[in-house]
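K.L.:
please work out how this folds:
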Amino acid sequence: MGETTESGLPRVVAIAWGTHAAPQRGPARGLSHERIVERAIEIADEDGLAALTMQRLAESLGFTTMSLYRYVANKDELLMLMAGSEVLLPARVEPAADWRDRLRVWASQLRSTYQAHPWMLEIVRGPVSVLLPGSVEIVDRGLEAVDGLDLTDQERIGIILAVSSYVSAFATLERDLAGQEDLEFGPEAMSELGEVITPARLPFAAPLFLSGGYVGGPVTEETQGVDFEYAFGLELLIEGLAARADARQARPTRR
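P.N.:
Reported below is the predicted structural model:
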């Protein structure tokens, strides 16, 4: 869990919420937790997480590396503060009337956050990270999305986890695919692979591959890539939740 405050709260959580007092003395008084985190995010956005070192961060702020350690205990603490910062999130919007639309908007905001800051996907999440301001804000928006549905608290958290995990998994796929060329095979290449990917060997996957619907086939309106697949998967989650809600509402009331 790392260092804790006198109250027992994880130090990084206290820093993130502003309840942990910043150093008051020394040559680094021009620094602040907010300024350090903001600049670290800028570096990660520009050049990726691998480019973020404590030395580069300190130099870009005009201070020594040792000065940073008066504010953040180590790089792991810095990374957690970055990923848990509210400044990463898009502005909150007026909620739609229908919970399905609210859930779509919430998922879309999560996706756009990962697209704008793909380095977030590299930072390990855990029981401490979910207490940070950005994480709690994400949960709050998710709870707003399903407000009004007949759900237990545990079910609400389950929905938040299911949808956010789906979005982060898809964002990871998008990050991995970024910059890679789409494969499109000619007849000879399809024929060569067709000799080993056969219906006898792979009865369900082979027909899909041979039709060009798996990989290597032409991109058409029917094969719209990750945007179509993302929307399709999200709708499955929403439809499943809607069916569950309808079934619960249809149950006879016990007297």
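
K.L.:
tell me the average confidence for the helix or strand that A243 is a member of?
P.N.:
Here A243, judged by DSSP states H and E, is contained in helix 226-250. Helix 226-250 comes out with an average pLDDT of 91.

K.L.:
just stretch 116-133 next, same as before
P.N.:
Averaged across stretch 116-133, pLDDT comes to 95.

K.L.:
list the contacts of it.
P.N.:
The contact list for stretch 116-133, computed with CB atoms under 8 Å, 6 or more residues apart in numbering, reads 1-2, 10, 12-13, 16-17, 41, 44-45, 48-49, 79-86, 88, 113-114, 135-136, 139, 168, 171-172, 175, 178. Using the backbone N, CA and C atoms, a C-beta is placed for each residue, glycine as well.

K.L.:
flag every buried residue along that stretch.
P.N.:
Residues of stretch 116-133 classed as buried: H117, P118, W119, M120, L121, I123, R125, V128, S129, L131, L132, P133 (neighbour count, 16 or more other CB atoms under 10 Å).

K.L.:
roughly how far apart are L236 and R100?
P.N.:
In this structure, L236 and R100 are 13 Å apart, going by CB to CB, to the nearest Å.

K.L.:
of the two, who's got more company?
P.N.:
R100 (15 against 11; other CB atoms under 10 Å).

K.L.:
so what secondary structure elements neighbour the helix holding A243?
P.N.:
Counting contacts by 3 or more CB pairs under 8 Å, 6 or more residues apart in numbering; DSSP states H and E, helix 226-250 packs against helix 99-116, helix 153-177.

K.L.:
sorry, back to before: buried among the contacts of stretch 116-133? Make that a PyMOL selection.
P.N.:
The following PyMOL line selects those of these that are buried, judged by 16+ other CB under 10 Å:
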select buried, resi 10+12+13+16+41+44+49+79+80+81+82+83+84+85+88+113+114+135+139+168+171+175
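
K.L.:
what sits against the residue positioned nearest the centre of the chain?
P.N.:
Nearest to the mean C-alpha position of the chain, by CA atoms, centre = their mean, lies S168 at 4.1 Å. Going by CB under 8 Å, 6+ apart, S168 touches L110, Y114, L121.

K.L.:
can you check A206 too?
P.N.:
Contacts of A206 (CB under 8 Å, 6+ apart): I197, T198, P199.

K.L.:
among the residues you listed, which one has the most neighbours?
P.N.:
Within the contacts of A206, most neighbours by other CB under 10 Å means I197, with 17 neighbours.

K.L.:
pLDDT value on that one, please?
P.N.:
In this model, I197 carries a pLDDT of 92.

K.L.:
please apply the same query to the one 4 residues further on.
P.N.:
On pLDDT, R201 comes in at 95.

K.L.:
which SS class is it?
P.N.:
Using DSSP: H, G, I helix; E, B strand; the rest coil, the structure places R201 in coil.
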